[in-house]
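A.B. asks: structure for the following, please:
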Amino acid sequence: MTTTTITVGSVSAARGSQRWVSCQVIGGMLLVQTIASGMLLLSKVILNGGTFVFALLTYRHVVAALCVAPFAFFLERSPEIKSKLRCWPVWFWLFINAITGLTLALSLYYYGLRDTTATYAVNFLNLIPIVTFALSIILRIETLGLNTSAGKIKTIGAILCVAGALTACLYKGKTFHLFPHNHRLSDAISAANHAGYNTESVANDHHNPGSGSSSWVGGTLMLTGSCVSYATWYIVQVKVRELFPYKCWATMLTCFLSAVQSLGVGACVDRSPRAWQLGWNLQLVTILYSGAMASAATFWLISWAVAKRGPTFPPMFNPLTLVFVPILSALLLGEQLSVGALLGMVIILVGLYSFLLGKAKEMKLKRQLEGSDDERPNSAGGDPEAGLGGAVAMTSRPGNC
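C.D. replies: The predicted model follows:
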């Protein structure tokens, strides 16, 4: 009788512990999406205030590299790291990794964000897994797999996401304010952004009010280019992980290389000191926030969630930015919402969840097959997370680094 009581108590305690861990992981992923939404809104505010995009990228990637450095130095102490860093192919692919995933992708995204709205731009973040999937099919890294239920669900999800994006781009409909009495709050945020600036000296060609059909079309093209660049980045990561399988070191070095690239490109575009100056305002807050929260904290939380629940768990929370960003941008920035944008969001939300569900089923089946035949080669070079499944798991948002 005593033994039975102890056994039941142990099982109950174990279940309670599992529930607590599950709640912690879910809370961590909600925090990741909140951080991402905050990063997007802060970036929108300072870009509208005239911040030079490449100056922002240079500073934030320096901060990001410094924030990720402790993870690299204390968590990854393999003696093979030094020998691998002496190989030029490693540096070549890290350089390509920095160009495609940070320098090019983020610069295009920021210019697109500046010329449109945060609510509109966030749709393109959630299209990245779909573009990655399409590019992987073109390069024959993945197959459609229409003969399986998982493949059909993925394909339907991809089609819905494209339909949602087209709806948001081509159909506007009626516009309205979600919070009609929040103009004082948005004005206060704008004033905080300009604090510490000499307004006359800072107002330059980098400021764009984001109005007019021409700027909106240009912003859409920039956001589309950013999606393609990010899709290329996730495919490049397969090669990077094959040559240099040290996640923290790769992240730190990629951020450093991107800072150098952004500095070089920015110096060619604008060498004036006013474009590179920092003030005690939201620009500095955004740079520090991006390094400490959007890079280091997010990196650790996603890695921890993957270790606890697997690589397909974090992406399931990514579409929440489609909910968080419109509400926060309407509340804090006073942005208008349109019927077309909301309809497109809903379609993308359904499509992305369908795609991720199909991908999760596909990965589950793949693990079962690999468990029954250990000698079966992996489609991404031997690492179960190195293919598109691992890429999608890291598809949190632009600027994790």
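
A.B. asks: from here on, just use CA atoms for contacts and neighbour counts.
C.D. replies: Noted.

A.B. asks: would you state the helices of the stretch 151-300 of the chain in chain order?
C.D. replies: Along the stretch 151-300 of the chain, the segments classed as helices by DSSP state H, counting those that start in this stretch run 183-194, 199-202, 213-243, 247-269, 273-276, 282-291, 298-309.

A.B. asks: looking at the ones you listed, which has the lowest confidence?
C.D. replies: If you rank the helices of the stretch 151-300 of the chain by mean pLDDT, helix 199-202 sits at the bottom with a mean of 40.

A.B. asks: for the residue nearest to I130 when sequence neighbours are not counted, give me its contacts.
C.D. replies: Beyond its immediate neighbours in the sequence, the residue positioned closest to I130 (C-alpha to C-alpha, 6 or more residues apart in numbering) is A158, lying 5.7 Å away. For A158, the contacting residues are 130, 351-352, 355, by C-alpha atoms under 8 Å, 6 or more residues apart in numbering.

A.B. asks: turn the helices of the stretch 151-300 of the chain into a markdown table, columns for distance to V323.
C.D. replies: A markdown table is the format used below for the helices of the stretch 151-300 of the chain (distance: least, C-alpha to C-alpha, whole Å):
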| stretch | distance to V323 |
| --- | --- |
| helix 183-194 | 19 |
| helix 199-202 | 33 |
| helix 213-243 | 19 |
| helix 247-269 | 29 |
| helix 273-276 | 34 |
| helix 282-291 | 21 |
| helix 298-309 | 19 |
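
A.B. asks: need those helices in CSV with mean neighbour count and distance to G344, can you?
C.D. replies: What follows is the helices of the stretch 151-300 of the chain, written out as CSV (neighbours: other C-alpha atoms under 10 Å; distance: least, C-alpha to C-alpha, whole Å):
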stretch, mean neighbour count, distance to G344
helix 183-194, 16, 25
helix 199-202, 12, 36
helix 213-243, 21, 14
helix 247-269, 21, 33
helix 273-276, 17, 36
helix 282-291, 23, 28
helix 298-309, 17, 27
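
A.B. asks: and stretch 70-88, how far from the chain's centre?
C.D. replies: Taking C-alpha atoms, centre = their mean, to the nearest Å, the mean C-alpha location of stretch 70-88 is offset from the chain mean by 25 Å.

A.B. asks: what's the burial count for A36?
C.D. replies: Taking other C-alpha atoms under 10 Å as the neighbour definition, A36 ends up with a count of 26.

A.B. asks: helix or strand for it, which one?
C.D. replies: Under the criterion of DSSP states H and E, A36 resides in helix 2-48.

A.B. asks: re earlier: the helices of the stretch 151-300 of the chain: which one's closest to G28?
C.D. replies: If you check each of the helices of the stretch 151-300 of the chain against G28 by C-alpha to C-alpha, helix 298-309 wins as the nearest, at 6.3 Å.

A.B. asks: next one: A307 from W300, what distance?
C.D. replies: Taking C-alpha to C-alpha, to the nearest Å as the measure, A307 and W300 are separated by 11 Å.

A.B. asks: quick one: average pLDDT of the helix holding A36?
C.D. replies: Mean predicted lDDT for helix 2-48 stands at 78.

A.B. asks: and the contacts of stretch 253-272?
C.D. replies: 54-55, 57-62, 64-65, 94-95, 97-99, 102-103, 401.

A.B. asks: distance between it and the chain's centre?
C.D. replies: 20 Å.

A.B. asks: what of stretch 308-321?
C.D. replies: Here the centre of stretch 308-321 is set off from its chain's centre by 12 Å, with C-alpha atoms, centre = their mean.

A.B. asks: quick one: end-to-end distance for it.
C.D. replies: Where stretch 308-321 begins and where it ends lie 22 Å apart, using C-alpha to C-alpha.
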